[in-house]
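Asker: Have a look; sequence and predicted model below, questions after that.
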Amino acid sequence: MTRSGGGPVPERRASWSERPALYARLVRLDKPIGILLLLWPTLWALWIASDGRPSAYLLTVFVLGTVLMRSAGCAVNDWADRDFDRHVARTANRPLTSGRIAGWEALTVAALLALLALALILPLDGLTLALSGVAAFVAASYPFTKRFFALPQAYLGIAFGFGIPMAFAAVEGRVPVVAWVLLAANVAWALAYDTEYAMVDRDDDLRIGIRTAAITFGRWDVAAVMACYAATLGLLGVAGALAGLGGAWLCGLAVAAAIAGYHHRLIRTRSRAGCFKAFLHNNWFGAAIFAGLVVDRLVRV
């Protein structure tokens, strides 16, 4: 429920029996697209670093770690944006923004989830642990970049992609050039899909004064999204060449390119529904690339 002026009507604090469901909403367990967008580039890196044969232990660590850190990041994001979210129709009824839970609860949930993620990687090498500290800082600071940075989606791409150097460090004990190329590709991809997402909220964001790529790109937003998809695919092509990947990898990139073309059809009119559908559909972009990688490694065994 919202006031006529646009802000939410404060609701009563939830009872303790109601809080588990609200905490699940806080960390977006009901919206797994964010987990998938973090998971695909991490899996790309893990498969390339391990030559298509990651250990069950590392696969478990990185999958669970992705879920935990994305969830912690959502809690921090809602705490940081609590005064902005009440003015955006899509976010006004989130548990923290609507007053159903308190700010200290969101931070406590985030801290507990981050500690669980840390516990998962403690047995790994020192380089992976050091990179995890950088990843945690980037993830926690991302929400604040919307106050001053014209392209916060680029920073998000670093946050969403830091599983890439961590995966290489865990497997190889080093971070080779191909890892940084993959990270750059993920930054370009995040600029594409999160600009689509920002196009949904552009009117609200302009009114409340936060910065997004959709606002920065202005009338060139659709062209910028497609340029970012092209940069993503180009950088992934370079990464594949560095890693010695072959035809199946290129087929996966071709399927991803066709998916990007479909996204152009969805966003070219800039309708909220079309832009949001394109954002959600990026799961298949990442999945197509991973499928090509898996097949490429299998046929070379």
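Answerer: Perfect, thanks for sending it. Residues are numbered from 1 along each chain as shown.

Asker: Let me see the contact set for the residue lying closest to Ala287 once chain neighbours are set aside.
Answerer: Spatially, and ignoring its direct neighbours in sequence, Ala287 is nearest to Trp40 (6.6 Å; C-beta to C-beta, 6 or more residues apart in numbering). For the C-beta atoms, the positions are set from N, CA and C on the backbone; glycine is no exception. Listed by C-beta atoms under 8 Å, 6 or more residues apart in numbering, the contact set of Trp40 reads Asn283, Gly286, Ala287, Ile289, Phe290.

Asker: hang on, the second one packs against Ile33?
Answerer: So that's Gly286. No: if you go by C-beta atoms under 8 Å, Gly286 and Ile33 don't touch, sitting 10.4 Å apart.

Asker: follow-up on the earlier one: mean confidence for whichever helix or strand the residue nearest to Ala287 is part of?
Answerer: Assigned by DSSP states H and E, Trp40 belongs to helix 33-49. Mean pLDDT, computed over helix 33-49, is 95.

Asker: Same question for stretch 104-117.
Answerer: Averaged over stretch 104-117, pLDDT sits at 93.

Asker: Could you pull out the buried residues of that stretch?
Answerer: By 16 or more other C-beta atoms under 10 Å, the buried positions in stretch 104-117 come out as Glu105, Ala106, Val109, Ala110, Leu113, Ala114, Leu116, Ala117.

Asker: In strands only, show me the residues you listed.
Answerer: The members of the buried residues of stretch 104-117 all map outside strands under DSSP state E.

Asker: if we can go back for a sec, buried residues in the helix holding Trp40?
Answerer: Neighbour-count burial for helix 33-49, counted by 16+ other C-beta under 10 Å, picks out 34-49.

Asker: same for the next helix or strand after it, what does it pack against?
Answerer: Under the assignment DSSP H and E, the closest C-terminal helix or strand after helix 33-49 is helix 56-80. The contact analysis (3 or more C-beta pairs under 8 Å, 6 or more residues apart in numbering; DSSP states H and E) places helix 56-80 against helix 19-26, helix 33-49, helix 103-121, helix 126-145, helix 163-172.

Asker: Using JSON lines, lay out those together with distance to Thr66.
Answerer: Below are the helices and strands packed on helix 56-80 laid out as JSON lines (distance: least, C-beta to C-beta, whole Å):
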{"stretch": "helix 19-26", "distance to Thr66": "17"}
{"stretch": "helix 33-49", "distance to Thr66": "5"}
{"stretch": "helix 103-121", "distance to Thr66": "9"}
{"stretch": "helix 126-145", "distance to Thr66": "11"}
{"stretch": "helix 163-172", "distance to Thr66": "6"}
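
Asker: so which of those comes closest to Cys228?
Answerer: Cys228 lies closest to helix 33-49 among those, at 14.1 Å (C-beta to C-beta).

Asker: and the angle from the closest one to helix 163-172?
Answerer: If you take axes from the mean of the first three to the mean of the last three C-alpha atoms, to 10 degrees, helix 33-49 sits at 40 degrees to helix 163-172.

Asker: and helix 33-49, how far from the chain's centre?
Answerer: Here helix 33-49 is found 10 Å from its chain centre; the criterion is C-alpha atoms, centre = their mean, to the nearest Å.

Asker: Pro54: which of the contacts of Trp40 is nearest?
Answerer: Using C-beta to C-beta, Phe290 is the member of those that lies nearest Pro54, at 12.4 Å.

Asker: State the distance from Leu46 to Trp104.
Answerer: Leu46 is 36 Å from Trp104, where distance means C-beta to C-beta, to the nearest Å.

Asker: Who wins on neighbours among the contacts of Trp40?
Answerer: In terms of neighbours by other C-beta atoms under 10 Å, the contacts of Trp40 top out with Ile289 at 26 neighbours.

Asker: Got the confidence number for that one?
Answerer: The per-residue pLDDT reported for Ile289 equals 98.

Asker: can you pull the contacts of it?
Answerer: Counting by C-beta under 8 Å, 6+ apart, Ile289 touches Trp40, Trp44, Leu236, Gly252, Leu253, Ala256.

Asker: Could you do Trp47 as well?
Answerer: Neighbouring residues of Trp47 by C-beta under 8 Å, 6+ apart: Pro54, Phe290, Leu293, Val294, Arg297.

Asker: And it, how far from Met166?
Answerer: Counting by C-beta to C-beta, the gap from Trp47 to Met166 is 14 Å.

Asker: Same question for Trp249.
Answerer: Separation of Trp249 from Met166 (C-beta to C-beta): 22 Å.

Asker: Can you give me the neighbour number for the nearest residue to Gly274 once chain neighbours are set aside?
Answerer: Nearest residue to Gly274 in three dimensions, chain neighbours excluded: Leu266, at 4.3 Å (C-beta to C-beta, 6+ apart). Neighbour count for Leu266, taken as other C-beta under 10 Å: 18.
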